[in-house]
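Undergrad: Whatever this is, show me its structure:
(chains A, B, C, D, E and F)
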There are 6 protein chains.
Amino acid sequence: MEQSIRNELPGTVKGIVSDKVLSEVVIETSAGEVAAVITTRSLERMGLKVGDPVLALIKATNVSLRRQG
Amino acid sequence: MEQSIRNELPGTVKGIVSDKVLSEVVIETSAGEVAAVITTRSLERMGLKVGDPVLALIKATNVSLRRQG
Amino acid sequence: MEQSIRNELPGTVKGIVSDKVLSEVVIETSAGEVAAVITTRSLERMGLKVGDPVLALIKATNVSLRRQG
Amino acid sequence: MEQSIRNELPGTVKGIVSDKVLSEVVIETSAGEVAAVITTRSLERMGLKVGDPVLALIKATNVSLRRQG
Amino acid sequence: MEQSIRNELPGTVKGIVSDKVLSEVVIETSAGEVAAVITTRSLERMGLKVGDPVLALIKATNVSLRRQG
Amino acid sequence: MEQSIRNELPGTVKGIVSDKVLSEVVIETSAGEVAAVITTRSLERMGLKVGDPVLALIKATNVSLRRQG
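TA: Numbers count the residues shown, from 1 in each chain, chains lettered A, B, ... in the order given. Alright, predicted model coming up:
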């Protein structure tokens, strides 16, 4: 294990909306859509576009739980 | 839509480890395991146990992306 | 208790400023103004407008403390 | 304004529970109880104890909203 | 110690990009550039401009680690 | 650029304190000490120990600013 971030969800970029500072990237995963807000600078440096395979990284301390059903 | 948190991943509680203040809850989702760190007080008030169906809630500003492959 | 987020502060929407990706919603609570930054998509889906009663949700791990006085 | 954190809620320390690494501090505010999770090292350095007046600091990007009622 | 936020990195403002809601402030520190996203309202209230000395404040629960080399 | 997290501060592990769920890792950087709270599971999987070179990863939306001096 190379880094401490516990959650890595594989998906494919489905849509991108950008302002100057931040961009919303929606990815399609097998657990449904996941929205990520990253800096537009990161988006450009990564060269992300629709269809690219990515991992959504989420630190465990940022996950909350709700009862289902 | 009742609340602003964009990401809700359905899963089932698979394991729980607790200290006095915080607990780690691992849930099994269709996109793989997701680890959540919540207060032990919340865990007890929710009465969560292995096998319970839950949603993992993640604010979009807490999701990062990495290129895959 | 249905979800693990410990802090829920009741208030009323007092002002909204939006970019394409993110919006700032200021709510009036009995402890003073609270500013929330949520995605504009969530704002639209919730149909939030000035005067609406809401709860500000804050995970305990995101709260810091400073000595007062 | 000396720092960028938008939300500062005044309150009084009501209870403290500590593990070695992290502590939960519950404060009483005029909007109800607010729970903060801080490092036990910070707790000790600040010398916090029940009855102390504090401000709960919350970055606006960490606040979500839910419809009330 | 007056507040619980563990990490305070001294630096100088090097660049600012603003949308209506959020602004990116890049600061130069002795450990390299650090990017902060704060509300444009906070930026304006603080009157931040290029060249100003600032501290980057980061709660320990928001820091992840990766192996180097 | 392979991932969206903007801030990567190089350092060396200086101290570790662990509970069952979470661990505090203090690293020495050229900008001073940085404390990270990660899951003890991640610490063990990474096999981190004092003296190891690491990068502290911090999402830009989790950085606040304070005026210095």
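Undergrad: tell me the angle of the strand ranked longest in chain A relative to strand B:7-18?
TA: Secondary structure assigned by DSSP state E gives strand A:7-18 as the longest strand of chain A. Strand A:7-18 and strand B:7-18 are oriented at 150 degrees to each other (axes from the mean of the first three to the mean of the last three CA atoms, to 10 degrees).
Undergrad: For strand A:7-18, give me every contacting residue.
TA: A:23-31, A:33-34, A:40, A:43, A:48-60, A:63, B:9, B:31-35, B:66, B:68, C:20-21 (CB atoms under 8 Å, 6 or more residues apart in numbering or on different chains). C-betas here are computed from N, CA, C, even on glycine.
Undergrad: So which of those are in strands?
TA: Those of those lying in strands (DSSP E): A:23-29, A:33-34, A:53-58, B:9, B:32-35, B:66.
Undergrad: buried subset of those residues?
TA: A:23-27, A:29, A:34, A:54-58, B:9, B:34-35, B:66 (16 or more other CB atoms under 10 Å in any protein chain shown).
Undergrad: how about those residues, which pair is most distant?
TA: Using CB to CB, the two most remote members of these are A:23 and B:35, lying 26.4 Å apart.
Undergrad: Next, the buried residues of stretch A:4-11.
TA: Applying 16+ other CB under 10 Å to stretch A:4-11 flags A:4, A:5, A:6, A:7, A:8, A:9, A:11 as buried.
Undergrad: With pLDDT added, can I get these in a markdown table?
TA: Shown next, in a markdown table, are the buried residues of stretch A:4-11 (pLDDT from 0 to 100):
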| residue | pLDDT |
| --- | --- |
| A:4 | 97 |
| A:5 | 97 |
| A:6 | 97 |
| A:7 | 98 |
| A:8 | 97 |
| A:9 | 97 |
| A:11 | 98 |
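Undergrad: Same list, these, but as TSV with distance to residue E:15 please.
TA: Listed next are the buried residues of stretch A:4-11 as TSV, based on distance: CB to CB, whole Å:
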residue	distance to residue E:15
A:4	29
A:5	27
A:6	33
A:7	32
A:8	31
A:9	32
A:11	32
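Undergrad: any idea how far the one residue in chain A that gets nearest to chain C is from residue B:30?
TA: With CB to the nearest CB as the measure, residue A:66 is the residue of chain A nearest to chain C, at 3.8 Å. From residue A:66 across to residue B:30, the span is 17 Å (CB to CB, to the nearest Å).
Undergrad: Spit out the contact partners of residue A:32.
TA: Neighbours of residue A:32 in contact, by CB under 8 Å, 6+ apart: B:8, B:9, B:10.
Undergrad: For burial, what's the neighbour tally of residue A:14?
TA: 15 (other CB atoms under 10 Å in any protein chain shown).
Undergrad: Which single residue in chain A comes nearest to chain E?
TA: residue A:3 (3.8 Å).
Undergrad: close enough to count as contact, residue A:37 and residue B:63?
TA: Yes: in terms of CB atoms under 8 Å, residue A:37 counts as a neighbour of residue B:63; the distance is 7.1 Å.
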